[in-house]
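Enquirer: With the input below, show me the fold.
(chains A, B, C and D)
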4 protein chains.
Amino acid sequence: MLYFENDYSEGAHEEILRNLMETNDEKLPGYGTDFFCERAKKKILKACECPDGEVYFLVGGTQTNATVIDGMLQQYEGVVAAGSGHISVHEAGAIEASGHKVLTLSQIDGKIHAEELRTYLETYFADENHEHMVFPGMVYLSHPTEYGTLYSKKELTDISGICREYNLPLYLDGARLGYGLASEENDLSLPEIASLCDVFYIGGTKVGALCGEAVVFTKNNAPRHFMTIVKQHGALLAKGRLLGVQFDTLFTDELYLKISKNAIETAEMLKKGLREKEYEFYIDSPTNQIFLVLSDREMEEWKKKVVFSFWEKIGENQTVIRLATSWATKKKDVEELLSVL
Amino acid sequence: MLYFENDYSEGAHEEILRNLMETNDEKLPGYGTDFFCERAKKKILKACECPDGEVYFLVGGTQTNATVIDGMLQQYEGVVAAGSGHISVHEAGAIEASGHKVLTLSQIDGKIHAEELRTYLETYFADENHEHMVFPGMVYLSHPTEYGTLYSKKELTDISGICREYNLPLYLDGARLGYGLASEENDLSLPEIASLCDVFYIGGTKVGALCGEAVVFTKNNAPRHFMTIVKQHGALLAKGRLLGVQFDTLFTDELYLKISKNAIETAEMLKKGLREKEYEFYIDSPTNQIFLVLSDREMEEWKKKVVFSFWEKIGENQTVIRLATSWATKKKDVEELLSVL
Amino acid sequence: MLYFENDYSEGAHEEILRNLMETNDEKLPGYGTDFFCERAKKKILKACECPDGEVYFLVGGTQTNATVIDGMLQQYEGVVAAGSGHISVHEAGAIEASGHKVLTLSQIDGKIHAEELRTYLETYFADENHEHMVFPGMVYLSHPTEYGTLYSKKELTDISGICREYNLPLYLDGARLGYGLASEENDLSLPEIASLCDVFYIGGTKVGALCGEAVVFTKNNAPRHFMTIVKQHGALLAKGRLLGVQFDTLFTDELYLKISKNAIETAEMLKKGLREKEYEFYIDSPTNQIFLVLSDREMEEWKKKVVFSFWEKIGENQTVIRLATSWATKKKDVEELLSVL
Amino acid sequence: MLYFENDYSEGAHEEILRNLMETNDEKLPGYGTDFFCERAKKKILKACECPDGEVYFLVGGTQTNATVIDGMLQQYEGVVAAGSGHISVHEAGAIEASGHKVLTLSQIDGKIHAEELRTYLETYFADENHEHMVFPGMVYLSHPTEYGTLYSKKELTDISGICREYNLPLYLDGARLGYGLASEENDLSLPEIASLCDVFYIGGTKVGALCGEAVVFTKNNAPRHFMTIVKQHGALLAKGRLLGVQFDTLFTDELYLKISKNAIETAEMLKKGLREKEYEFYIDSPTNQIFLVLSDREMEEWKKKVVFSFWEKIGENQTVIRLATSWATKKKDVEELLSVL
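Expert: Residues are numbered from 1 along each chain as shown, chains lettered A, B, ... in the order given. Predicted coordinates for the structure are as follows:
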């Protein structure tokens, strides 16, 4: 079988495993207070050109979203997000479980749009009954989005401007941030993202790590006692070294970007081949996720050879499926896939 | 000023006050275990033709929704509702505060539609990732809706059928149920509602009581230890008699229906007059709420003479406003309003 | 039967009912924005000599505690209270349901003690692992306590001093505050309580009202958007007038204190008679609650004539029971009780 | 410096790292559905002699406790635990954050006792007001306890019997279960624990793994849709293989027990040496944690040479400290420590 189901199907980049091995016997303090966490934090802040930032390491994406959002919001506030946002759909209600509403805007290609955000906020504050409604307390967006699309510098700047006007923190979910940064379509650097957002996370799980997400509060603005909030959410890893060593590795010699590029190159190669074979693309994604529309018959054929993700049914006989490349995808896997289709 | 702002601007029906006065000195046990609560429950179940039902009295609408929904759902479940539903918009996140997502369907005239509900459920269960999503755990609808509209017997029967097929409890928010039952357009009796729903509440606050909502679990299906759940939600009134006496009064000699009729008659009179004056109706509501589109200039004129509710801005120079009649509205108030416009 | 079960077994003081009747037809805005609420707030702040205070009216005690505590705390904070405190035992977990731990101190006669509070706080902050523990975020005490006892001015001043030293808001649950103020043993005035506490509530439900508690934030320190927090807790009454009129009445001509005195006088009379009959007192309470130790045989005898409250079993054959007088207790009821024992 | 601070200061057992390395390139499905998780589950159930059991892998201890407890309880229920239990003190309120009260019993050497549990339950259900109180919904105990002590077979059997009598699930927190099983004082086998408890977890983080805890529901009694509950708690690891491979390794050739034995042997050696040097033991712990009472002067001396844990201050000039050995402690480290004291 050819495996294109997702970008977390292999273990970790070999460099990470090597470093875990080499540092394994060192006796280190727990809960993220060790030397490797400290060094990784410094490297990340440097890469973000964000000297006043603060970094926290958490284990997974849903956990990170729930913890950051709960940490930033007052109890009467909710988080504004696209209806297709990960927190809106695929986190099993983790945001609501900590008491907060996800206030959804419509999405176009997985993105919220500055104009609709402004209209929503104007309407909300103009509503004489708005004190009976959930207050918008922050704005969430994913970049790349769940559809693999990217915000342009212009789009993110516009959204950021509105957030600042309304004094709403802007939070960027970067579960696949590396693949965004490496995309040819991308015009946003890591320091620009850090400058436009109040908090964001750099995804490790989907970009070469066994687990781990690095949350960056960009301007000394972490919630008070955030470590205790992390603990309360069950998100404080005893052996914080596991996260520290991994991010220390990923942010040494730009490994994070280098391995992200591999996912983009293999995705581009795959898209080119699929286009030549005249497959129908559901959406034009510039990162590592590829969404195809297959007829049911085609899908059954595919299932014999390829492991892919179900995305959604559209119409009677058609299904959207997802293929994903990753830091670990080999060019020969792509070639093989293209040859068997 | 002429007061048409809402249906809770007066105190209580005089019969209720008289009974509170007359029973005031009786020494009664607390927390809803008194004689008047017992008698009121029996009368309500009789009116609902629902001998196996259970009745609980709570104080207000948002509280009732939050308590019932939290009581019925498992922690991994959410409640399906119209995007315009009271729980979706105007309860300050009370549902999410108890950990549950409101799963919104689109609305037409404030109503959800059987077909969309079915599609939603089919799509949800067909989604291979649905275990990462909030489970639909019950269906909520308001009747009359927030726009004053009503479900027909056919519509409610269809929705109820789907709920039973998927084993989802159907919950009807009857904050203004009396006005629905009294509407000329209505074809649903109280026993029919009780038979089609698993739980619903009969609103007192907006229909003649000082406060109070009567929750009816229609088939001996109240959540275990529901009294403790009510207490935990801060919704257990020490002097339960205040609710018992009021509902005992409302369900004696059909007072609830009689006073509801007054709201409908005065609303019809008002609508007729407004139609003759060629005002633009935002929606055709058959109950006690009237939604008009006013130009900003008209609205400023109105504000000098009438107290009404802001509903929402539409377009540059127009606003939707709401007029409400109630059990207490006098025909001469309507006449006066029509004469000054 | 003679009824001494609790202090909420009658309806409301007749003056309250009369005012509800007289104002019943006035058309008033909802949610506590009406004239009566405004006037009652002014009267309360005047009685508290607390010009910078803010007053909110809620419906019941558990609801008030849950809403105020959730409103004041950050998510990583808990509330410090006596193990016997109402929030610790008899609120069905309402505090925990909003996410906060009740951090219990031991109690002596229902009271926490300054010295133990100080030790607790010193130990907590000296603990090198305290960031893994719930932060103390406020201090709760009830006055009178659940055992009817009172804090002396000295005791409350000491506790208040520690709270200020540690920057912890002090919250006083005054469900039966009137009975404390009216007690002969009391040396704390309402303005002194307002000055020593950051927030407290004046109980209406148990002191003459049908329902209602008046929360006083003493120094313009209500949580931001507290009204929305109240709404989210299901505690915002649509017909706020019901609370406004009642507290307006209670704080006119010192009615609140006058009717509280009745409870104290009848309780003193009852205690004197019981002492003469050599009943064993479980605790020496200076307010309206009387705790007796009865043998099982005595208790069975009593049950034929008196309605009282079960408190707790102690030892094999003995039970603590509670008798309560109230604003409504008549001297002849006490005489009758003493004559039948 | 000599490092005896805790049992999670090294990375992972070398066998685990080797297996992670060897399986790193295999493409596996996510979220714990991979082959290694499946195999590890089977090995665990076999070791527990628990064919009808179900196993879930979570990442850390606090997370596991919060998820299991929230999954097992109804919203009106709390969890009964020792006042010194990890969930009572050191989880930053994670249990309360999901809405549940920790109902504390007193502890002796970190343990709850059957007799007190029975008295608590009898008193609770005999209390006529118990519906206003949090229901006991399950019993939690840690084994070894936070003080390193162990329940005997007799003690656990008695507690289990009471739980079954009252229909309360019994949950055992085995963060350090290996060290309990390996202790010379232990008379409880893994199958016996599985038979006496309804759910327990086998701790990996503190016994040789980088992270990970294996939850065992012993009788096909996992909460419905537990995977979704895990996801909602942010506890579902995308690369479930990280947990699967680790537990597969730990439960191959009894590695878990073998490495646990090392902690016990080094602890015994250390205790013997400390006893000879006449140090004062705070508690007699038969597992890998050693609690000493040091004078402040001694403690300052120690700090120059040893890394240990602060436990608590007792009296003016004395502090309880903790030394911990682990699966990774070397005999020569113990010798060195004893030689420098």
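Enquirer: what's the weakest-modelled helix or strand in chain A?
Expert: For chain A, using mean pLDDT, DSSP states H and E, the weakest element among its helices and strands is strand A:309-314, scoring a mean of 90.
Enquirer: Establish whether that one and chain D are in contact.
Expert: No: contact of strand A:309-314 with chain D is not found when judged by C-beta under 8 Å from any C-beta of the partner chain; the minimum separation is 10.3 Å. To be clear about C-beta, it is placed using only N, CA and C from the backbone, and glycine gets the same treatment.
Enquirer: other SSEs contacting the following helix or strand past that strand?
Expert: Once the chain leaves strand A:309-314, the next helix or strand it forms, by DSSP states H and E, is strand A:318-324. Packed against strand A:318-324 by the contact rule (3 or more C-beta pairs under 8 Å, 6 or more residues apart in numbering or on different chains; DSSP states H and E) you find strand A:289-295, helix A:296-303, strand A:309-314.
Enquirer: Checking the second one against chain B, do any of its residues make contact.
Expert: No: no part of helix A:296-303 sits close enough to chain B to count as contact by C-beta under 8 Å from any C-beta; the gap is at least 12.3 Å.
Enquirer: Tell me which stretches of the stretch 101-250 of chain A form strands.
Expert: Counting by DSSP state E, counting those that start in this stretch, the stretch 101-250 of chain A forms strands over residues A:102-105, A:135-142, A:170-174, A:199-203, A:213-217, given from the N-terminal end onward.
Enquirer: Pairing partners for the fourth one, with directions?
Expert: Applying DSSP bridges to the sheet, strand A:199-203 is found paired with strand A:170-174 (parallel), strand A:213-217 (antiparallel).
Enquirer: The ones you listed into JSON lines, with extra columns for mean pLDDT?
Expert: What follows is the strands paired with strand A:199-203, written out as JSON lines (pLDDT from 0 to 100):
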{"stretch": "strand A:170-174", "mean pLDDT": "98"}
{"stretch": "strand A:213-217", "mean pLDDT": "98"}
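Enquirer: got the ones you listed as CSV, with mean neighbour count and distance to residue A:58 columns?
Expert: Formatted as CSV, the strands paired with strand A:199-203 follow (neighbours: other C-beta atoms under 10 Å in any protein chain shown; distance: least, C-beta to C-beta, whole Å):
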stretch, mean neighbour count, distance to residue A:58
strand A:170-174, 26, 12
strand A:213-217, 27, 5
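Enquirer: Distance to residue D:48 added to these, as TSV?
Expert: Written out in TSV, the entries for the strands paired with strand A:199-203 read as follows (distance: least, C-beta to C-beta, whole Å):
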stretch	distance to residue D:48
strand A:170-174	39
strand A:213-217	33
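Enquirer: Of those strands, which is nearest residue B:141?
Expert: Proximity to residue B:141, assessed across the strands paired with strand A:199-203 by C-beta to C-beta, is greatest for strand A:170-174 (33.2 Å).
Enquirer: For chain B, what is the nearest residue in the stretch 151-300 of chain A?
Expert: Going by C-beta to the nearest C-beta, chain B is nearest to residue A:299 of the stretch 151-300 of chain A, at 12.3 Å.
Enquirer: Without its sequence neighbours, what residue ends up closest to that residue?
Expert: residue A:319 (5.5 Å; C-beta to C-beta, 6 or more residues apart in numbering or on different chains).
Enquirer: Next one: that neighbour relative to residue A:305, how far apart?
Expert: Here the distance between residue A:319 and residue A:305 works out to 16 Å (C-beta to C-beta, to the nearest Å).
Enquirer: Dump the strands of the stretch 101-250 of chain A into TSV; add distance to residue D:52 as well.
Expert: Shown next, in TSV, are the strands of the stretch 101-250 of chain A (distance: least, C-beta to C-beta, whole Å):
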stretch	distance to residue D:52
strand A:102-105	39
strand A:135-142	41
strand A:170-174	40
strand A:199-203	39
strand A:213-217	37
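Enquirer: So which of these is nearest residue D:46?
Expert: Proximity to residue D:46, assessed across these by C-beta to C-beta, is greatest for strand A:213-217 (35.0 Å).
Enquirer: Determine how far the closest one lies from the middle of the whole chain.
Expert: The gap between where strand A:213-217 is centred and where its chain is centred comes out at 11 Å by C-alpha atoms, centre = their mean, to the nearest Å.
Enquirer: Quick check: residues of chain A near chain B?
Expert: So chain A meets chain B at A:75-76, A:78, A:89-93, A:96-97, A:99-102, A:104, A:123, A:126-129, A:131-134, A:310, A:312-313 (C-beta under 8 Å from any C-beta).
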